[in-house]
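Trainee: Okay, sequence plus prediction incoming.
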There are 2 protein chains.
Amino acid sequence: MYAGSNHKRIIQERKKREKGLRIESILEAAKKVFFSRGYLKATMDEIALEAEISKPTIYQYFKTKDDLYFSLMLPVVEDIGIQMEKVEKKLVDGKYGSGAHLIKDFIGASYHSYKTAPDVFRIVQLFQQTGLVWELNEKTRSALNERGGYNFQVGRRIMETAIKQGLIKKVRIYELVDVIWGLFVGIVQLEDIKSRGKQANKHLKSTLKLAETMIVDAITIGER
Amino acid sequence: MYAGSNHKRIIQERKKREKGLRIESILEAAKKVFFSRGYLKATMDEIALEAEISKPTIYQYFKTKDDLYFSLMLPVVEDIGIQMEKVEKKLVDGKYGSGAHLIKDFIGASYHSYKTAPDVFRIVQLFQQTGLVWELNEKTRSALNERGGYNFQVGRRIMETAIKQGLIKKVRIYELVDVIWGLFVGIVQLEDIKSRGKQANKHLKSTLKLAETMIVDAITIGER
DNA sequence: GTAGATAATTTACCGTTAGTACGATAGATG
DNA sequence: CATCTATCGTACTAACGGTAAATTATCTAC
């Protein structure tokens, strides 16, 4: 018994790895199908086919169609948080010389996530409409809520610090973060609708740019 | 022949009226069911029951479930346009003394429509999330597109005039209208999600208020 | 190496629902 | 009366989300 009791553990770990890979491949297939067909027209059978497995296998890993759909979101939400944390770090390290620069990075954090997965990004709020939120896998739901809520917390901390550092005017941080986030999501959606069927939305960037300028004009100090 | 050839016409008109009423009652029933159950869980049978007619009769007037759903949007989109036209009239009549006042009314125009039908307002989102191949009645689709596009036109005209009148700074009007509209929708959606399950969203008003202030700060002239 | 247990996967199925076909009915019209 | 129109009831199809039960692959213990 050269391997001893390790053998068992090692095999278990391999299985775990394989399980992760399977989940990964399902997510990949789901992404493809969901975003080419749209949520409603995407079928679980087609996703299964794309992942080269049978439908019930999907249900082994994801409780419902919603669950699968929402699972796609989590990495994006997490990414936004990571980007924001970077901004926060830079801020507490005193590396922002102006509020304008901070705001630019702050919006850039969301833009970064949007760019890496524009399809996923648009999905955030669909479920509120369809009223299916309540059938989510508990794990998925709480993960989403926690990360989402956490991101807003970070956002508020950033603005709080920025005010303390005198980078931006003294405004209500809770509302401020909501305004910026709402602005971003709203514009992305809007330009998305407008550019449907046409080539990539050339207006998105210029509109976001204007939004940024306006925020800067409104809440930064001095430079006007 | 006391009524002459009018008789025919009068009867036709009555029929048209009745047809309108039927459509109205279907829409009313649809609204009730859609917004209590959510789009996916609402069934055409239930809507038919609510409207006290049979299911095939609904399909006489609405091509698909989607079509019925989106038909609910139209009045809201139209209302927004009407509110905006009021603002435009007031503006060309030279009744705005400050840019701040104008912006307030401009946002208020959308808010008005939102307040009268918050549920319907959320549909905009669904429209874009899933919007690929909705099998909308051609009439419904073009009506929606036309009215939507028209509203943006009015918005741009307003901003153009406001610039000419020296009420606001010279910014790119196309992007400006998009920013304001995106901001509004984004915030409404956000607060909507946040307040789900809780009491009415008390944050919406204060967040919108801040957004308004920020826009005013950013684009109006003088008062700072 | 093989029997038996365990986990992963598939086949075959269920229940529900959007949408339709069709014949019956009722009322207005001429 | 004959016709036309709108609606109804019914019964059906096709598609889809989801599941129970059978099947296969994999591992463990001897």
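Mentor: Sure, I can see it.

Trainee: who touches A:Leu167 in this structure?
Mentor: By Cβ atoms under 8 Å, 6 or more residues apart in numbering or on different chains, the contact list for A:Leu167 reads A:Tyr96, A:Ser98, A:Gly99, A:Leu102, A:Thr220, A:Ile221. (C-beta placed from N, C-alpha, C; glycine too.)

Trainee: got the residues of chain A near DNA strand C?
Mentor: Neighbours of DNA strand C within chain A, by Cβ under 7 Å from any atom of the strand: A:Lys15, A:Lys19, A:Arg22, A:Ile53, A:Ser54, A:Lys55, A:Pro56, A:Thr57, A:Gln60.

Trainee: From DNA strand D, how far out is the fifth one?
Mentor: Translated: A:Ser54. A:Ser54 is 8 Å from DNA strand D, where distance means Cβ to the nearest atom of the strand, to the nearest Å.

Trainee: about what we covered before: what two of the residues of chain A next to DNA strand C are the furthest from one another?
Mentor: By the measure Cβ to Cβ, A:Lys15 and A:Lys55 form the most distant pair in the residues of chain A next to DNA strand C, at 22.1 Å.

Trainee: Looking at the two, which is more packed in?
Mentor: For A:Lys15 versus A:Lys55, neighbours defined as other Cβ atoms under 10 Å in any protein chain shown are more numerous around A:Lys55 (14 against 10).

Trainee: Excluding chain neighbours, what is closest to that one?
Mentor: Spatial nearest neighbour of A:Lys55, chain neighbours left out: A:Ala48 (4.4 Å); criterion: Cβ to Cβ, 6 or more residues apart in numbering or on different chains.

Trainee: contacting residues for the one you found?
Mentor: Contacts of A:Ala48 were listed using Cβ under 8 Å, 6+ apart, and they are A:Ala29, A:Ser54, A:Lys55, A:Thr57, A:Ile58.

Trainee: Can you tell me which of those has the most neighbours?
Mentor: Tallying neighbours with other Cβ under 10 Å puts A:Ile58 at the head of the contacts of A:Ala48, with 22 neighbours.

Trainee: Make sure it is indeed in a strand.
Mentor: No: using DSSP: H, G, I helix; E, B strand; the rest coil, the assignment for A:Ile58 is helix, not a strand.

Trainee: Could I get the full set of helices for chain A?
Mentor: A:6-37, A:44-50, A:55-61, A:65-71, A:73-92, A:99-116, A:118-121, A:126-130, A:138-164, A:173-194, A:202-219 (DSSP state H).

Trainee: what's the least confident stretch among these?
Mentor: The stretch with the lowest average pLDDT out of the helices of chain A is helix A:126-130, scoring a mean of 49.

Trainee: Can you report how many residues lie near A:Leu144?
Mentor: Around A:Leu144 there are 20 residues (other Cβ under 10 Å).

Trainee: In this structure it contacts A:Glu78, no?
Mentor: No: A:Leu144 is beyond contact range of A:Glu78, at 9.8 Å (criterion: Cβ atoms under 8 Å).

Trainee: Look up how far A:Gly149 lies from the nearest residue to A:Thr116 once chain neighbours are set aside.
Mentor: What sits nearest to A:Thr116 in space, not counting adjacent residues and going by Cβ to Cβ, 6+ apart, is A:Asp79, at 6.9 Å. In this view, A:Asp79 and A:Gly149 are 16 Å apart by Cβ to Cβ, to the nearest Å.

Trainee: what's the closest non-adjacent residue to A:Trp181?
Mentor: Closest to A:Trp181 by Cβ to Cβ, 6+ apart is B:Leu190, at 6.3 Å.

Trainee: Over to A:Glu28?
Mentor: Once flanking residues are discounted, A:Glu28 sits nearest to A:Ala51: 7.4 Å by Cβ to Cβ, 6+ apart.

Trainee: Ramachandran coordinates for the one you found?
Mentor: phi -90, psi 0 (degrees, to the nearest 10).

Trainee: Report how many residues lie close to it.
Mentor: Using other Cβ under 10 Å, A:Ala51 has 21 neighbouring residues.

Trainee: could you dump stretch A:52-72 to PDB, C-alpha only?
Mentor: C-alpha atoms of stretch A:52-72 as PDB (Å, rounded to 0.1, in the frame of the first residue of the first chain):
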ATOM      1  CA  GLU A  52     -23.300  16.900 -25.400                       C
ATOM      2  CA  ILE A  53     -25.100  15.400 -22.500                       C
ATOM      3  CA  SER A  54     -28.700  14.600 -21.700                       C
ATOM      4  CA  LYS A  55     -31.200  16.900 -20.100                       C
ATOM      5  CA  PRO A  56     -31.500  15.300 -16.700                       C
ATOM      6  CA  THR A  57     -27.800  15.600 -16.200                       C
ATOM      7  CA  ILE A  58     -28.200  19.300 -16.200                       C
ATOM      8  CA  TYR A  59     -30.800  19.000 -13.500                       C
ATOM      9  CA  GLN A  60     -28.300  17.100 -11.500                       C
ATOM     10  CA  TYR A  61     -26.200  20.300 -11.200                       C
ATOM     11  CA  PHE A  62     -28.800  23.000 -11.600                       C
ATOM     12  CA  LYS A  63     -32.100  22.900  -9.900                       C
ATOM     13  CA  THR A  64     -34.100  24.800 -12.500                       C
ATOM     14  CA  LYS A  65     -33.700  26.700 -15.700                       C
ATOM     15  CA  ASP A  66     -33.700  29.900 -13.800                       C
ATOM     16  CA  ASP A  67     -31.000  28.600 -11.600                       C
ATOM     17  CA  LEU A  68     -28.800  27.800 -14.500                       C
ATOM     18  CA  TYR A  69     -29.400  31.200 -16.000                       C
ATOM     19  CA  PHE A  70     -28.600  33.000 -12.900                       C
ATOM     20  CA  SER A  71     -25.500  31.000 -12.300                       C
ATOM     21  CA  LEU A  72     -24.100  32.700 -15.400                       C
END
